[in-house]
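[1] what's the 3D shape of this:
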Amino acid sequence: MTELVHPGVLEAAPVQTAAKTAEAVGRLKCVVVYGMNFAPEMAGVGRYTGEIAEYMAEGGARVVAVTTPPHYPGWRVRNDFANRYSAGEEGGVRVIRVPLMLREKMGGIWRLLAPLSFAVASAPVVIWQILRWRPQVVFCVEPTLFAAPAAQFAAWLSGSRTVLHVQDLEVDAAFAVGHLKGGAWLRKLGFVFERFALGRFGRIVTISSRMAEKIASKGVRPERISIVRNWVDLSYIFPLKGESPYRAELGYQPDHFVVLYSGNIGAKQGLNILLDAADRLQHEPRLKFVVAGEGPAKSELMQRYAHLANVRFLPFQPYERLNEFLSMADLHALPQEKGAADLVLPSKLGGMLASGKQIVVTADPGTELADFLGDLAYMTPPGDGTALAEAIVRASIEPKGTTEERLDLARKLSRTDGLVSLVNLVASRN
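    Coordinates of the predicted model:
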């Protein structure tokens, strides 16, 4: 596998051939996957970790996943699962689930207690699985880094390589969006632990250049860091030739301009700014807003903005209809809180681009998201509802970018390239 030098870190080059895929997976006899989120969660980290594990299992590797019952983004266990210890085969993967502490409002200290409870409940399980199977690779996923020391200790005993997939720098994000508030001592404690844990992984793979640079600033040598961006399945999400049936089902007229947000509804998303923009645009009957998803901030937002006749809240839509749902929009909205706006390239971005529809983003110039999208999206400052409202009006009058240009950018986030590149890094002995 070839890697390219990229802003002080290593970025995995795409690999597209089936032969390379088989070769990479064939080097993996056994892998233990360790992370708090896993399939069948369809939003965020769980979806990607599930796809990675199933992909390696399909290639012939024995894959054992230690995780929790599906609970994200609503922070409640799905009805068809229980918050207890369980084990079974799912998608060719041996999945062992452990309980964790949950409640409906997961703000403040509870955002710390949930991952801590997972670390405690899963530690004996993951240690035993690693010692039992002696995998070639222990593949950990952040969040949560709290669980890492147990896996690192067992991997050391068994002679296994360790790889960390950083989907979220949880310590940085927790302070940036206000989940954790405290003095300098608390920040220092968090960063000392983070530096300790990160420094003991053989390889770290993350999803954006800015995150890679932050990881390097925490003392990790750049040659141990690689970038594989979260991907989108272009065979599943693509522009529809005709109008999406969702528009008629939801009662929207051909002349309505529909602004859609679909994803997690939490603190980092900054959805209050999008809804403030909707409030400012109540006098524009052509403009309609749809917020679809689940998360800890949803009930509060629904109450706060219940007076808006131009806004509709929906649950997550069935995955088999995701393409139709994304194609319903005239404009995809990607709001973010300022503190979190440059930590990641949001995973939902791939689906937005693949749908071919316009995008409006809250991001400052010079952030990775702004640089990646360039002139193909309307950009407004985070936290500025007035500017966002103005951008939405402009988008309804003067489209920015073309469908083909957005598809070209989506191809840079191809699922095939992403999965093969990541598995090559996991299998690599370097």
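[2] quick one: secondary structure of the residue located most distally from the centre of the chain?
    Most distant residue from the mean C-alpha position of the chain: His283, 34.8 Å away (Cα atoms, centre = their mean). Classification of His283 using DSSP: H, G, I helix; E, B strand; the rest coil returns coil.
[3] what ranges of this structure fall below the confidence cut-off?
    1-25, 106-108, 171, 173-186, 339-344 (pLDDT under 70).
[4] is it true that Glu294 lies in a strand?
    No: read with three-state DSSP, Glu294 is coil and lies in no strand.
[5] Who are the packing partners of the one helix or strand Val126 maps to?
    Assigned by DSSP states H and E, Val126 belongs to helix 110-133. Here helix 110-133 touches strand 30-34, strand 62-67, helix 148-158, helix 170-176, going by 3 or more Cβ pairs under 8 Å, 6 or more residues apart in numbering; DSSP states H and E. In short, each C-beta sits where N, CA and C put it, glycine included.
[6] what do you get if the cut-off is 6 Å, keeping everything else the same?
    strand 30-34, strand 62-67, helix 148-158 (3 or more Cβ pairs under 6 Å, 6 or more residues apart in numbering; DSSP states H and E).
[7] Glu390 is nearest to which of the ones you listed?
    strand 62-67 (43.4 Å; Cβ to Cβ).
[8] what angle sits between that closest one and helix 148-158?
    150 degrees (axes from the mean of the first three to the mean of the last three Cα atoms, to 10 degrees).
[9] Could you list the paired strands of the very next helix or strand once past strand 62-67 along with their orientation?
    Remark: after strand 62-67, the chain's next helix or strand is strand 86-90, criterion DSSP H and E. Sheet pairing here is set by DSSP bridges, and for strand 86-90 it gives strand 93-97 (antiparallel).
[10] Can you show me the CA trace of the partner strand as CSV?
    Only the C-alpha atoms of strand 93-97 are listed here, as CSV (Å, rounded to 0.1, in the frame of the first residue of the first chain):
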residue,chain,number,x,y,z
VAL,A,93,-19.0,-11.1,13.1
ARG,A,94,-18.9,-12.5,16.6
VAL,A,95,-20.5,-9.6,18.6
ILE,A,96,-20.3,-9.4,22.3
ARG,A,97,-22.3,-6.6,23.9
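[11] who's in contact with Ile96?
    Neighbouring residues of Ile96 by Cβ atoms under 6 Å, 6 or more residues apart in numbering: 66, 87, 125.
[12] likewise Leu326?
    Leu326 neighbours (Cβ under 6 Å, 6+ apart): 351, 355.
[13] So for Gly293, which of the helices and strands packed on helix 110-133 sits nearest?
    Comparing the helices and strands packed on helix 110-133 under Cβ to Cβ, the one sitting nearest is strand 62-67, at 21.4 Å.
[14] who does the closest one pair up with?
    Short version: by DSSP bridges, strand 62-67 pairs with strand 30-34 (parallel), strand 93-97 (parallel).
[15] Show me what the first one is in contact with.
    Outside strand 30-34, the residues that touch it by Cβ under 6 Å, 6+ apart are 53, 56, 61-66, 126, 129-130, 133, 135, 137-140, 151.
[16] by contact count, what packs against the next helix or strand after that strand?
    Counting by DSSP H and E, the element after strand 30-34 in chain order, helix or strand, is helix 45-58. Helices and strands touching helix 45-58, by 3+ Cβ pairs under 6 Å, 6+ apart, are strand 62-67.
[17] residues near the nearest residue to Arg103 once chain neighbours are set aside, how many?
    Distances taken as Cβ to Cβ, 6 or more residues apart in numbering put Trp110 closest to Arg103, at 6.2 Å, once the chain neighbours are dropped. Neighbourhood size, Trp110 [other Cβ atoms under 10 Å]: 17.
[18] got it, and Leu275?
    That count, for Leu275 with other Cβ under 10 Å as the rule, works out to 22.
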